[in-house]
Structures are given as C-alpha cells and as structure tokens.
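Undergrad: sequence and predicted structure below; questions after.
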Amino acid sequence: MPLPSDLPVVDHHCHLSPSGDGVRAVQRFRQAGGTHLFLATQNYGAKVPRTVEEYADQFSMTEALARRAEREAGVIVYLVVAPYPVDLVPAVGDLGAAGALSLHCAALDLAGRWVRERRAVALGEVGFPHFPVDAEVDRVAREVFDHALAVARDSDCPVVVHSRDLDSAGYLELARRADRTGLRRERVVKHYARNRLSDAERSSVTPSYLARRELVRAVTSDPGPWFLETDYLDDSSRPGAVLDLSTVPRRAKSIAATDLDRLRVPFVESIDRVYGFRPEPIPRGDQ
Ligand SMILES: [Zn+2]
C-alpha cells in the first residue's frame, strides 16, 4: 500500500555513528518511505566524556551527522541530546559522586540550552543504567534525573528515558517524579518500550515502542500518544543487534493496508501533543 505524500513517516529513536553505515542507513530509511528521524546523541569515542566541553563536542558531532543525513538523504532530523545515564557508572568511579553529579547536571544544562536555541527538541537519553548498580550510583542517577526533569520543564520540552523494562510500579515512579517537578507526565517518554501496557498501567507516561511486528500490530489501535522506534545503533560490529532503519516505514506500509488513519497517531498527533510541533510533510522518495 503506498503511503500518502502528506503523511510523515517517523522513526522516533535512532543513533548514527561517523564510523558506521551513517548516511547509507538513512538512505535505506528514505527509500523505504521514511521522512523524519529523531536522532539521539551517543558517545562516539572509546572514552566517556569527563568534562562538559567533551559533551558539547559530542552533541556537535550528533548535529553534524544530522545535517549530513538531511543533505544527502533528503530527510528531516530532530536532535535529542543529554549525557547518557550509563556514563554515570565510570563518572562516579573517576570523579566521585559529587563530581559526577555536577558534570551530568552541567551537561543537562547545556542540552537545555540547545533546546531553547532550537538546535534540539528533547533531552535524551536521560534516566538510569539498565543493569544493577551500586547504591551510590543509584542515588546520583536519581538526582541527575530530577535535574533533567527540571531542565525539561524550564526548556518546554520532553525527556526521553533510558531504563530497564518498566512494570507499572516503575512507570508510576517516573510519573511521580515528573509531578513533583511540574513536567506533564505525557512529556516523559519511555524509549525502547517492549511491552504494551494501558495508559493507566503506564501512569500516562508516553511509550516509544520498539517496532517489532507483533508489538506494532498490538498497539496500532491504542489512543495516543505513542511512538515507533528502531533504536538503530549503526554499529557494524553488531549487525542484527537492533532493527534496521528501514523498519518503521515497512511497518507503516503494512498498517496502511488496513488502518491508514491510525498512522497519524504516532507520526503527527503524538508529536504535536508531546513535543508541541507537527512535522512538516516532505515528498517521499519511494513513489
Ligand atoms: Zn538509544
């Protein structure tokens, strides 16, 4: 089923690497019918940043990758930037708890500045290591997360959360922290959501669902907001570790065969509600 030309087709969470497939992966996305990407920053070097300047360099690399993908693949790319929560583990080891806390808060302040200057649209990934950590790292991660929520509130943007898979108690904790800070629950987006839970079970936190076939089928009729993502990693040493960038447009085509109208939920209405803007439609390359 061809997709209507005024329908954006959006992958809500991916990464690109200067040493990976990069623009070629984005061209596959475009060829398959994709139009917009939310590109999250990541560490591009072997070492985790130790200073806020190193985070600034990292964000700038993400921005350069985004502009290059736009030029060479004809898509629109939105930036999502923040210090990666897993970076806290080595940071606490090297800088101590106070040093790691102040580094991550400063990097979040920088990310908030990027949002207010419209260089980025959200803070992400923020949250918690997805594996057990010691009590000190855990405590610092909570403080850093609360700071991220405050920066998002003040920058009028969402946070994109990295964490283990959450049950309803886990979602409730995120929602309560957002309530305490004054950030709307919908503006807390759980990325890499692998299970369908009702809005009540998620305490109104927004899921960004991994675009696996069965999961997409299960959530298609759900009320928004929700998103679809591949969490594409662009790491050639781990082919098949994640979904290819062409996945969301392929899923969109199969939904379009029966439920075309539903595609406006993840690709237009949810972005409007959570981010506060509508993606500009651009002509699609596959038709
Ligand atoms: Zn990610």
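TA: Yep, it's here. A quick note: this is a predicted structure, and the numbers were derived from the prediction, not measured.
Undergrad: can we go C-alpha only for contacts and neighbour counts from here?
TA: Fine.
Undergrad: which residues in this protein form strands?
TA: 10-14, 36-40, 76-81, 122-127, 159-162, 188-193, 206-210, 227-229 (DSSP state E).
Undergrad: what packs against the shortest one?
TA: Packing contacts for strand 227-229, counted by 3 or more Cα pairs under 8 Å, 6 or more residues apart in numbering; DSSP states H and E, involve strand 10-14, strand 206-210.
Undergrad: burial count for the nearest residue to D21 once chain neighbours are set aside?
TA: In space, not counting the residues next to it along the chain, D21 is nearest to D234; the distance is 5.9 Å by Cα to Cα, 6 or more residues apart in numbering. For D234, the count of nearby residues is 22 (other Cα atoms under 10 Å).
Undergrad: also G182?
TA: By other Cα under 10 Å, 14 other residues sit near G182.
Undergrad: and the residue nearest to it when sequence neighbours are not counted, what pLDDT?
TA: Using Cα to Cα, 6+ apart and skipping the chain neighbours, the partner closest in space to G182 is R153 (6.7 Å). We have a pLDDT of 98 for R153.
Undergrad: so R153 makes contact with L183?
TA: Yes: between R153 and L183 there is a contact at 5.3 Å, judged by Cα atoms under 8 Å.
Undergrad: the more surrounded of those two?
TA: L183 (23 against 19).
Undergrad: and the more buried one, how far from C157?
TA: 9 Å (Cα to Cα, to the nearest Å).
Undergrad: cool, and V133?
TA: Distance of V133 to C157, given as Cα to Cα: 29 Å.
Undergrad: of these two, who's got more company?
TA: Higher neighbour count among V133 and C157: C157, with 24 against 15, using other Cα under 10 Å.
Undergrad: how about the helices in the stretch 101-250 of the chain?
TA: 135-155, 168-181, 213-219, 247-259 (DSSP state H, counting those that start in this stretch).
Undergrad: of all those, which one is nearest H13?
TA: Judged by Cα to Cα, the one of the helices of the stretch 101-250 of the chain that comes nearest to H13 is helix 247-259, at 10.5 Å.
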